[in-house]
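[1] after the sequence you'll find the predicted model.
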Amino acid sequence: MNNQYDSIESLLQSRQPERPVYCIHPDVYHDVAEHFIANFPGRVLYAVKANNHPLVISALADGGIEHFDCASVEEIALIKSLHPNAVCYLMNPVRLAGDAKRAGDEFGTRHFMVDHMSGVKPLADEINASKAIIFARMAVSHHSAMEDLSAKFGAPPEDVPAILVAIRETGAEPALAFNVGTGVTEPEAYTYAMGLAREVLEATPFPVRLLDIGGGFPRPYPGFLVPPLDEYFTAIRNFRHEIPLGADGELMAEPGRGLSAPGMSTIAKVLLRKEDRLYLNDGMYGAFWELRFKGHVRYPARALRGCEPLNGNLHSFRLFGPTCDSSDKMPGRVELPVDIDVGDYIEFGSMGAYSLSGLTRFNGFYSDDVVSIRP
């Protein structure tokens, strides 16, 4: 089966798929990566959990991404299999026993993370601490984040200086990290968190070289408008001089959605129509699973009949997935042509974040049909 097309229309002209098709747009990923690297005032790590498909990884690498934020040794193995010269960071404070050792011994990983005093010694016992950099993750949250990640990870700011001291005593280089949340809708959230980081660094009895400000960089969706990323970069850049980092100090970021969202679309087929309800061959147990969480409730959508765009007056539809579970329904209505019917297709855009990485096989509905769209 062909896995590369020059447009969505040419794909549908070539075949009329019965299962969902996930369309990677490498040119979009290339441009997004270049823009982020050029404008963020520091080192850019891609958070692999957002979309771990090899086509996405390779497209981002082609755009200049060389550093990868990994949550497991399996993610590190994937990245290294695709790009042996990539720099992988094991940045999950919770690891399986032996994973840090394997990451260091097999893949040359030198960057790790803890968020509690109890995590320092077990990590140090697995790695060559004298060659490692260990981040202490600080808990911080902001009202503009769609999800408070510090509800699970991060030490209270007042505890972090002692953790940094303990890291230094292992022989590793201490570093500081935080993650202000997911889908952060106000640039001020980053300067607020950087202000807390400044207080931690001022209370630490030695200079720290690296500050990782995490992810959370948002992308817009219908009904979910956010400032452009350049406003976040400007706020972070303007506050950088307030951070007392040591010699050769450097900011880092771990964008997931910020890099992955724009470069993928999903082609779903209408299986059934009941008045204003459309039942699709993909849903909340498939690529749409992220819609369960706070934030946006729909993706941009356009309809096609055969291989041509379907136009006409619009109507508001409720969308459902194919499984037998009644929760398999999209939370937001979508405007589509009023005469859309069984057999028509819908292309949903901006679906690169938290879609392929969380697909399930619930009820037997699953697709591994991934193609590249290169105009």
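    Good, I have the coordinates.

[2] remind me, longest strand of this structure?
    In the chain, assigned by DSSP state E, the strand with the most residues is strand 264-274.

[3] packing partners for that one?
    helix 8-14, strand 21-24, strand 277-280, strand 345-348 (3 or more Cβ pairs under 8 Å, 6 or more residues apart in numbering; DSSP states H and E). All C-beta spots, glycine's among them, are computed from the backbone N, C-alpha and C.

[4] ok, the last one: who's next to it in the sheet?
    For strand 345-348, the pairing partners within the sheet under DSSP bridges are strand 264-274 (antiparallel), strand 301-305 (antiparallel).

[5] just the mean pLDDT for the longest one, thanks.
    This means strand 264-274. Taken as a whole, strand 264-274 has an average pLDDT of 98.

[6] other residues contacting that strand?
    When contacts are defined by Cβ atoms under 8 Å, 6 or more residues apart in numbering, strand 264-274 is touched by residues 8, 11-12, 17-18, 20-25, 51, 56, 278-282, 287, 299, 322, 340-352, 355-356, 373.

[7] buried subset of these?
    Among the contacts of strand 264-274, those buried by neighbour count (16 or more other Cβ atoms under 10 Å) are 8, 11-12, 17, 20-25, 51, 56, 278-282, 287, 299, 322, 340, 344-352, 355-356, 373.

[8] what count of nearby residues applies to the closest residue to residue 4 other than its chain neighbours?
    Nearest residue to residue 4 in three dimensions, chain neighbours excluded: residue 372, at 4.5 Å (Cβ to Cβ, 6 or more residues apart in numbering). Neighbourhood size, residue 372 [other Cβ atoms under 10 Å]: 17.

[9] again with residue 178
    Residue 178 has 30 neighbours, counted by other Cβ under 10 Å.

[10] which pLDDT value goes with it?
    pLDDT at residue 178 comes out at 97.

[11] now do the one 10 residues further on
    Confidence per residue is given as pLDDT, and for residue 188 that number is 97.

[12] secondary structure class of the closest residue to it other than its chain neighbours, three-state.
    With sequence-adjacent residues excluded and distances taken as Cβ to Cβ, 6+ apart, residue 188 is closest to residue 235, at 6.7 Å. Under the three-state scheme (DSSP: H, G, I helix; E, B strand; the rest coil), residue 235 adopts helix.

[13] could you measure from residue 235 over to residue 369?
    40 Å (Cβ to Cβ, to the nearest Å).

[14] for the two, indicate the residue with more neighbours.
    Between residue 235 and residue 369, counted using other Cβ under 10 Å, residue 235 has the larger neighbour count: 19 against 16.

[15] thought that one was touching residue 193?
    No: Residue 235 lies out of contact with residue 193 (Cβ atoms under 8 Å); the separation is 11.1 Å.

[16] mutual contacts of these two, please.
    Among the neighbours of residue 235, none is also in contact with residue 193 (Cβ under 8 Å, 6+ apart).

[17] which ones are touching the closest residue to residue 35 other than its chain neighbours?
    Distances taken as Cβ to Cβ, 6+ apart put residue 229 closest to residue 35, at 7.6 Å, once the chain neighbours are dropped. Listed by Cβ under 8 Å, 6+ apart, the contact set of residue 229 reads 35, 36, 39, 217, 258.
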